[in-house]
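**Student:** please find the sequence and the predicted model below.
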Amino acid sequence: MNSPTLTHQYTPRFLAYLVALLFSFACIQAPVHAAMIGTDTLVSEAELVQQRDALSAQLLRDDVKKELLALGVNPADVTERVNNMTASEIQQVQGQLASLPAGSGLGTVAVVLLILILLEVAGVIDIFPKL
Amino acid sequence: MVTHLRYQRPLSFTLLLLLALLMAGCSATPQTKRILEDRPANLPAHHELADVPFYPQELYQCGPAALATVLHNSGVAVTPEELVPRIYVPKRQGSFQVEILAATRQQQRLAYTIAPTLESLLAAIDGGQPVLILQNLGLSWYPQWHYAVVVGYDLERREMVLRSGVERRYVMGLKLFERTWARADYWGMVALKPGELPVDDDGQRYFLAAAAFERNANPAAAERAWRAGVKRWAQRVDLHMGYGNFLYARGNLADAEARFRAAIALHADFAPAHNNLASILLETGRADEAEQVASRAVALGGEHIAVYRETLRKARAGASSGH
């Protein structure tokens, strides 16, 4: 209320123009060549995944490829691995690979830690002095 | 009491806190309770797929071992060593779920993720399909992710039987199993031969599995998968559409037309089916009918209205040039 310029700018009419403008962009970006509604489109609707254009899908694929390379995947394998994922799978994992569950089974570190905690609680060892 | 504990016995308080955290991790097992109290009538009390092969895991490589197990059971002779370069991620010392699915399809099998319920899991076992599952053997705040293959269950003894780690026949209590599986969001996958159907009755999951499979499958295998799905769930529009699009891409316009007409018969207001049918009508020299059908798609409108308008424009151009 202290800023008359702002209240003037965000009138309902202004917002209506803005929305109309955004809609017009959406129409411009829609594909005009394809005459078929493909299965990929139906899949993304079924999964409630937001539709993205082909360019950004390729960018996401390249991102995932880089992430896998950074995690030590062999460069000779990475392209095929990424190409085997569907567009929605790529969207699910992109930017998440550092934190996604990676099933590996019980590693030695975990077993050792578990034994140490049990021994500590049983009063056999005292390597966690604050406990 | 609490004040007393907190200020005079810090050790006890810490232990109590730890215990509370642990208890929070081992909460209720609602699915176990439900299936023991109300077992589905068509589900036997116990079943075990004793012939499922076993590949003991190498260090950290339970993913390749578990995947080789279900693939081998499905008739694909592939070893864990051959799967390592496809699904193992060295710096995470493990495998991701999406890569397990992708590698399954790459081996010409549908990767079908089962519904997240014990009922679906046990039904799959009873139907002869071992299930590759993800478990969190640790706690939510100290996860130990692990893949294993469920090959049997016994509701009277309240046990699950798994091919897990280095154990060929690892028997696990049902409640403990549910806790470890629940911490991985009840994720499970079966590998289906093209044309083989999952046991649980979920046509949408099958549609998604078939659509993903089609991308890298050989055409004959993809066609078997779509045909089986349409036959099994004849009332599902998405399967008719998926099969129709596949046939269209293969140049089989007559059969594709029949699929899109079937989709319209099921759901007269489904604009994509009208659009795709109109395209085929136009391509096969029936521009007048194409114009009618495309008009219907435009009238129904929706997210892809721009595509429908383009189809209608082409149909009108074809109709006027034909006269």
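**Tutor:** Structure's in. What do you need? Residues are numbered from 1 along each chain as shown, chains lettered A, B, ... in the order given.

**Student:** pLDDT below threshold where in chain A?
**Tutor:** For chain A, the stretches with pLDDT under 70 are A:1-34, A:45-55, A:106-111, A:129-131.

**Student:** where does the stretch 51-200 of chain B come near chain A, residue by residue?
**Tutor:** By Cβ under 8 Å from any Cβ of the partner chain, the residues of the stretch 51-200 of chain B that approach chain A are B:57, B:59-63, B:66, B:85-87, B:89-99, B:101-103, B:105-106, B:134-138, B:143-147, B:165, B:184. Heads up, the C-betas are built off the backbone N, CA and C, glycines and all.

**Student:** buried subset of those?
**Tutor:** B:57, B:60-63, B:66, B:85-87, B:89, B:92-99, B:101-103, B:105-106, B:134-138, B:143-147, B:165, B:184 (16 or more other Cβ atoms under 10 Å in any protein chain shown).

**Student:** so which of those residues are in strands?
**Tutor:** B:134-136, B:145-147 (DSSP state E).

**Student:** can I get these in CSV with pLDDT?
**Tutor:** Shown next, in CSV, are those (pLDDT from 0 to 100):
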residue, pLDDT
B:134, 97
B:135, 94
B:136, 92
B:145, 92
B:146, 94
B:147, 96
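
**Student:** for chain A, see how far away residue B:239 is.
**Tutor:** The spacing between residue B:239 and chain A, counted by Cβ to the nearest Cβ, to the nearest Å, is 10 Å.

**Student:** next structured bit after whatever helix or strand that residue lives in?
**Tutor:** For residue B:239, the element it lies in under DSSP states H and E is helix B:237-249. For helix B:237-249, the following helix or strand on the C-terminal side (DSSP H and E) is helix B:253-266.

**Student:** can you list contacts of that following helix?
**Tutor:** Here helix B:253-266 makes contact (Cβ atoms under 8 Å, 6 or more residues apart in numbering or on different chains) with B:230, B:235-237, B:240-241, B:243-245, B:247-248, B:270, B:273-274, B:276-277, B:280-281, B:283-284.

**Student:** just the buried residues of the residues you listed.
**Tutor:** B:230, B:236-237, B:240-241, B:243-245, B:247-248, B:270, B:273-274, B:276-277, B:280-281, B:283.

**Student:** let's see which of the buried ones among the residues of the stretch 51-200 of chain B next to chain A end up in helices.
**Tutor:** Secondary structure from DSSP state H places B:62-63, B:66, B:85-87, B:97-99, B:101-103, B:105-106 of these in helices.

**Student:** pull the most distant pair out of those.
**Tutor:** Among those, the pair separated by the greatest distance (Cβ to Cβ) is B:62 and B:105, at 20.2 Å.

**Student:** hmm, stretch A:91-98 in reach of chain B?
**Tutor:** Yes: using Cβ under 8 Å from any Cβ, we find that stretch A:91-98 touches chain B at A:92-93, A:97-98.

**Student:** just put those in JSON lines and tack on secondary structure and neighbour count.
**Tutor:** Shown next, in JSON lines, are the residues of stretch A:91-98 next to chain B (DSSP: H, G, I helix; E, B strand; the rest coil; neighbours: other Cβ atoms under 10 Å in any protein chain shown):
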{"residue": "A:92", "secondary structure": "helix", "neighbour count": "17"}
{"residue": "A:93", "secondary structure": "helix", "neighbour count": "20"}
{"residue": "A:97", "secondary structure": "coil", "neighbour count": "21"}
{"residue": "A:98", "secondary structure": "coil", "neighbour count": "11"}
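
**Student:** any idea which of the residues you listed is closest to residue B:297?
**Tutor:** Distances from residue B:297 to the residues of stretch A:91-98 next to chain B, taken by Cβ to Cβ, are shortest for residue A:92, at 31.0 Å.

**Student:** give me the nearest residue to the closest one, chain neighbours excluded.
**Tutor:** The shortest distance from residue A:92 to any non-neighbouring residue, by Cβ to Cβ, 6 or more residues apart in numbering or on different chains, is to residue B:98 (6.4 Å).

**Student:** in chain A, which spans are helices?
**Tutor:** Going by DSSP H, chain A shows helices at A:4-9, A:12-29, A:39-46, A:54-70, A:75-83, A:87-93, A:108-121.

**Student:** tell me which residues in the helix or strand harbouring residue B:34 are buried?
**Tutor:** Using DSSP H and E, residue B:34 sits within helix B:30-37. For helix B:30-37, the neighbour count (16+ other Cβ under 10 Å) marks B:31-32, B:35 as buried.

**Student:** do stretch B:303-316 as well
**Tutor:** B:304-312, B:314-315.

**Student:** check stretch A:89-104 too.
**Tutor:** Under the neighbour-count rule (16+ other Cβ under 10 Å), stretch A:89-104 has A:89-94, A:97, A:101-104 buried.

**Student:** and those residues, which two are the farthest apart?
**Tutor:** A:91 and A:104, at 24.4 Å, using Cβ to Cβ across the buried residues of stretch A:89-104.

**Student:** count the neighbours of residue B:41 for me.
**Tutor:** 5 (other Cβ atoms under 10 Å in any protein chain shown).

**Student:** surely it is in a strand?
**Tutor:** No: counting by DSSP: H, G, I helix; E, B strand; the rest coil, residue B:41 is not part of a strand but coil.

**Student:** state the distance from it to chain A.
**Tutor:** 31 Å.

**Student:** you'd agree residue B:189 is in a strand?
**Tutor:** Yes: the assignment for residue B:189 is a strand, going by three-state DSSP.

**Student:** list the contacts for it?
**Tutor:** Here residue B:189 is in contact with B:70, B:100-101, B:104, B:111-114, B:131-133 (Cβ under 8 Å, 6+ apart).

**Student:** would you mind measuring from residue B:150 to residue B:70?
**Tutor:** According to Cβ to Cβ, to the nearest Å, residue B:150 stands 10 Å off from residue B:70.

**Student:** overlap in contacts, those two.
**Tutor:** What both residue B:150 and residue B:70 touch, as defined by Cβ under 8 Å, 6+ apart, is the set B:130-131.

**Student:** if we can go back for a sec, the residue nearest to residue A:92 touches residue A:89, doesn't it?
**Tutor:** Yes: taking contacts as Cβ atoms under 8 Å, residue B:98 lies within contact range of residue A:89: 4.4 Å.

**Student:** how about residues contacting stretch B:275-282?
**Tutor:** In contact with stretch B:275-282 (Cβ under 8 Å, 6+ apart) are residues A:35-37, B:241, B:244-245, B:248, B:253, B:256-257, B:260-261, B:264, B:287, B:289-291, B:293-294, B:297, B:304, B:307-308, B:311-312, B:314-315, B:318.

**Student:** state the mean pLDDT of that stretch.
**Tutor:** Per-residue pLDDT over stretch B:275-282 has a mean of 96.
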